Structure formats: C-alpha cells, structure tokens
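Predicted coordinates and the sequence they were generated for:
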Amino acid sequence: MKNIYDLPNDNELTYGRGYVYSLQYHIVWCTKYRKRILSDGIDERCKELLQELSEEYKFTIVAMEVMPNYIHLLLDCKPQFMISDMMKIFKGNIARKLFLEYPQIKKQLWGGHLWNPSYCVVTVSDRSRLQVEHYIASQEERL
C-alpha cells in the first residue's frame with residue numbers, strides 16, 4: 001500500500017474538546033465521462049494535492065490510490081466536517097490546480113469539468129478498516 005499513516009489502535013478514540021470520536025470514510029470519485037486522464041505524472045501530482053489539502057484541513061489520509069479514472073481514499077476526519085464539504089474541498093481545489101498545471105486535460109473533457117458530480121462514501125468500522133485498506137492497495141494491481 002502506498003500511503004498508510006498511523007491510525008489510532010482499534011480500541012483508541014480521538015478526543016476533542018467536549019467530544020470523543022473515531023470516524024473513517026472510504027471515499028471514491030471518478031473523472032467526468034470516466035476519462036482515463038489521471039496518468040503520466042498527473043496521478044502523482046494529484047496525490048501531492050490530496051496530501052496538501054489533508055494537512056491544511058486536518059484530515060488524515062490512511063490510504064489512497066489514484067487510478068487513471070478514479071480516486072480511492074480512506075480518510076480519518078473530525079466530526080465537524082460534513083462529507084459534502086470535504087468533497088467540495090477535494091474536488092474543487094484539485095480540479096482548479098490540475099487545470100492550471102496541465103491545460104491539456106481540459107481539451108479532453110467536453111464542458112471543462114474534471115470530476116463526475118457524484119461520489120461514493122462508506123463509513124468504515126474498526127473491523128472493516130483493514131479490508132478497505134487491502135481493497136485500495138489492490139486496485140493498482142487490477143490494471
């Protein structure tokens with residue numbers, strides 16, 4: 001697996017001011033028209049941008065894989081963030097930066113949108129976390 005960071009042990013919780021939590025989400029979103037444009041260095045830049053955004057907004061990326069036409073994330077975050085807000089942060093910032101750095105991407109997309117408007121989010125329990133990590137790691141092998 002490419003990017004695994006320390007996550008609290010199965011029985012550990014994260015403590016905030018007035019609350020205790022353990023929230024992990026498996027998030028998947030695709031490029032518009034499932035175009036295979038996240039390759040040839042764009043995939044690595046996308047990973048860098050995801051990492052920068054997670055540090056800026058205090059998310060923890062437990063596992064990530066950027067495939068040519070979709071992204072998988074296993075994310076640990078605070079309860080103050082709504083999923084829709086996280087997706088706007090990720091999709092909007094990454095699209096803007098990639099369009100500026102790689103103008104050829106926009107030519108491949110009719111209408112100029114990088115991402116499909118939908119996404120999939122699944123909550124992850126301590127029991128299923130290792131299964132999700134394994135699944136994300138295995139995605140590159142399936143190409």
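Looks like it came in fine.

What ranges does the protein have for its strands?
Using DSSP state E, the strands of the chain run over 14-16, 19-21, 24-30, 60-66, 70-76, 120-124.

Turn these into CSV, columns for distance to residue 106 and mean pLDDT.
For glycine as for every other residue, the C-beta is placed from the backbone atoms N, C-alpha and C. Converted to CSV, the strands of the chain look like this (distance: least, CB to CB, whole Å; pLDDT from 0 to 100):
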stretch, distance to residue 106, mean pLDDT
strand 14-16, 40, 81
strand 19-21, 39, 82
strand 24-30, 17, 94
strand 60-66, 19, 94
strand 70-76, 18, 94
strand 120-124, 25, 90
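
Nearest to residue 109 among those strands would be which one?
Closest approach to residue 109 among these (CB to CB): strand 24-30, 12.4 Å.

and the longest helix for the chain?
In the chain, ranked by residue count with DSSP state H as the criterion, the top helix is helix 83-101.

list the helices and strands the helix or strand of the chain with the lowest mean pLDDT packs on?
For the chain, the helix or strand with the lowest mean confidence is helix 126-138, at a mean of 74 (criterion: mean pLDDT, DSSP states H and E). Contacts defined by 3 or more CB pairs under 8 Å, 6 or more residues apart in numbering; DSSP states H and E place helix 126-138 against strand 24-30, strand 60-66, strand 70-76.

can I get the CA coordinates of it in PDB?
Only the C-alpha atoms of helix 126-138 are listed here, as PDB (Å, rounded to 0.1, in the frame of the first residue of the first chain):
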ATOM      1  CA  ASP A 126     -12.500  -0.900  13.000                       C
ATOM      2  CA  ARG A 127     -13.300  -4.400  11.800                       C
ATOM      3  CA  SER A 128     -13.600  -3.400   8.200                       C
ATOM      4  CA  ARG A 129     -10.700  -0.800   8.000                       C
ATOM      5  CA  LEU A 130      -8.100  -3.400   7.100                       C
ATOM      6  CA  GLN A 131     -10.400  -4.800   4.400                       C
ATOM      7  CA  VAL A 132     -10.800  -1.300   2.900                       C
ATOM      8  CA  GLU A 133      -7.000  -0.700   3.100                       C
ATOM      9  CA  HIS A 134      -6.400  -4.000   1.300                       C
ATOM     10  CA  TYR A 135      -9.000  -3.200  -1.400                       C
ATOM     11  CA  ILE A 136      -7.500   0.200  -2.100                       C
ATOM     12  CA  ALA A 137      -4.000  -1.300  -2.300                       C
ATOM     13  CA  SER A 138      -5.200  -4.000  -4.700                       C
END
